[in-house]
Every structure is written in C-alpha cells, then in structure tokens.
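**Student:** with the input below, show me the fold.
(one chain, ligands or ions: 2)
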Amino acid sequence: MITRRGLIGSLAAGAGGLLLSGCNRINVNPGVRSLLQSAEGLTMRAQRIIADRGDLAREFTAADLSPVFRANGTRQPAGADYEAHRLGRFADWRLTIDGLVARPLSLSMAQIRAMPRRTQITRHDCVEGWSAIGQWTGAPLRLLLDQAGLRSNARYLIFHCADRYAQADYYESIDLIDAFHPQTILAWGLNGQLLPVANGAPLRLRVERQLGYKHAKYVQRIEAVDSLGRHGLGKGGYWEDHHDYAWYAGI
Ligand SMILES: Nc1nc2c(c(=O)[nH]1)N[C@H]1C(S)=C(S)[C@@H](COP(=O)(O)O)O[C@H]1N2
Ligand SMILES: [Mo]
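**Tutor:** Ligands and ions are numbered 1, 2, ... in the order given. All right, here's what the predicted structure looks like:
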C-alpha cells in the first residue's frame, strides 16, 4: 500500500532526480549543483514534515483510560466572573471567534454541544514528566473555522483563556495545520462527563500532536491573526513568553 507520506517522498525524490540528471548533462558548476542538491533535500524534508503533521495521534481504548485524569496548572480561574459562570453551569459562557475571519462568531455552550462531535481517547504528555490517557469529546475546530470563514491572510489562531497564571494572562497559539487536523477539537467532555472545572470547563483545546501546555483550558476567544508578534510578549503563549518553552511542541 502506498501511504500518502511515501507517495509524496517518492514524488519529491523523482522530481529532484530528474532535475539533477538534467543539470549533470549541461555540466553545471559545482556551486549551483550543491545548491540544487540542498534545495532538493530541503523540499523533501519539508514535504515529509508537512505530511507527517497530518498523521493522527495514536488513539487508545476504554481499557487504557487513566483511573484519574489529573489536572495541572490552573485548577479554577480566579475571580467573580468565572465563579458566576461555574454556578450557572456555563449557560451564559460565550466562545468568540474573531480577528481575521469573514464572519465573527459568538457561540453559546448549547450551540457548541449541538454541533457534530468527535470523541477520541488519547494520551496527554506534560513536560513536567507525567502522562495520562483520557477520552475527550468536542467540536472539531475546523467546523467552527469553516463557519467563521478564515481570511486568506490568517496564519495562526490565538486561544485566549479565562485564567491568569503567575500574574500573566494564559494564552496559546497554533498554526493552521494543527487547527485543521482532524483530531483538533474544542472539548467540552472528558471521560463521558461534562468537562470538570479543573480540566478547563467549559471548553478546552485538544491539539493531540502537541505537548500538554499547548492544550489551552478555559477558552473564551479564538482570534485569527497573521503574526504572533503583537500578543503577550510575542512568542505565542504563556510558557513561551515567560519560560522559553518552544512554540512548536510537536510530538
Ligand atoms: N488556561 C490554561 N490552560 C492550560 C494550563 C493552564 O494553567 N491554564 N496548563 C497547561 C498545562 S502545562 C497542561 S499539562 C494542561 C493540563 O491539563 P489538565 O489540567 O486537564 O491536566 O493544560 C494546559 N493548558
Ligand atoms: Mo504541562
């Protein structure tokens, strides 16, 4: 069976091979030839990486679920606003999608829970040295983005969260490859229950090909932007800004 990755790799190798044999015939100077060879390598590697990034994260079965899905970082956002939402069971929580979109959205939790849903059992890996397997249910992010209509200059999504962590607003960002990945969901359910407060109620990002800190909890607003430089300290997320964590935390 030809996998998509294998196919793209062999097409790239084939095209590069043709190009280089053509150059050999006209005896191109060595500088140009090594440039072509490195460009060929770059293209192949870039295409491999892009193809890899569409691959699914491993999914597990109910037998693999961790007995408890632990919470990390903020366990409940501070402040009267969040407390009122919690007491009201998030009936008035709105998710805003704005920025570089054709149709800004403001959706209630009822609307989001009524959308087509995806359920997946995946492993969460935190850089602090723990992992847990949980079953997540939520709306595929790409359906929300289709509703909002990303403008052609949108490059990233910024997730604005309701909590502050060590005196800074928690936020995170991803690129559009992860945004449209089939396992990227805005989760409102964990292990068959509504998402607990400690795990990000009422809505948190699951971006399964990335490390734990990218999975923004307490999401209130998703902003489509063309660059990350104008937000927070400019590195694309709380941990990136304040603790030098990598922005791209692919696993
Ligand atoms: N808003 C917000 N999102 C967050 C965090 C946080 O403190 N605030 N912590 C991050 C980290 S480091 C991890 S490992 C996961 C933890 O998710 P959990 O609490 O469901 O285990 O959420 C991530 N998303
Ligand atoms: Mo983490």
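**Student:** which residues of the stretch 51-200 of the chain fall in strands?
**Tutor:** 94-99, 105-108, 118-126, 130-140, 156-165, 168-175, 185-190, 193-194 (DSSP state E, counting those that start in this stretch).
**Student:** can you list the strands that the fifth one pairs with?
**Tutor:** This means strand 156-165. strand 168-175 (antiparallel), strand 219-225 (antiparallel) (DSSP bridges).
**Student:** nearest to Pro116, of those strands?
**Tutor:** strand 219-225 (17.9 Å; Cβ to Cβ). In this view, the C-beta of every residue, glycine as well, is placed from N, C-alpha and C.
**Student:** hang on, the earlier thing: out of the strands of the stretch 51-200 of the chain, nearest to ligand 2?
**Tutor:** Closest of these to ligand 2 is strand 118-126, at 3.3 Å (criterion: Cβ to the ion).
**Student:** if we can go back for a sec, dump the strands paired with strand 156-165 into CSV; add distance to Cys126 and mean neighbour count as well.
**Tutor:** Shown next, in CSV, are the strands paired with strand 156-165 (distance: least, Cβ to Cβ, whole Å; neighbours: other Cβ atoms under 10 Å):
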stretch, distance to Cys126, mean neighbour count
strand 168-175, 14, 20
strand 219-225, 18, 21
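**Student:** picking that back up, which one of the strands of the stretch 51-200 of the chain is the most hemmed in?
**Tutor:** strand 185-190 (a mean of 23; mean count of other Cβ atoms under 10 Å).
**Student:** which residues does the residue in the stretch 51-200 of the chain that ligand 1 sits nearest to contact?
**Tutor:** Closest approach between the stretch 51-200 of the chain and ligand 1, counting by Cβ to the nearest ligand atom: Gly73, at 2.2 Å. Residues counted as contacts of Gly73 (Cβ atoms under 8 Å, 6 or more residues apart in numbering) are Tyr165, Tyr170, Tyr213, Lys217.
**Student:** who does the first one form a beta bridge with?
**Tutor:** Beta bridges link Tyr165 to Ala168 when assigned by DSSP bridges.
**Student:** reformat the strands of the stretch 51-200 of the chain as CSV; add mean pLDDT.
**Tutor:** Shown next, in CSV, are those (pLDDT from 0 to 100):
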stretch, mean pLDDT
strand 94-99, 98
strand 105-108, 98
strand 118-126, 98
strand 130-140, 98
strand 156-165, 97
strand 168-175, 97
strand 185-190, 98
strand 193-194, 98
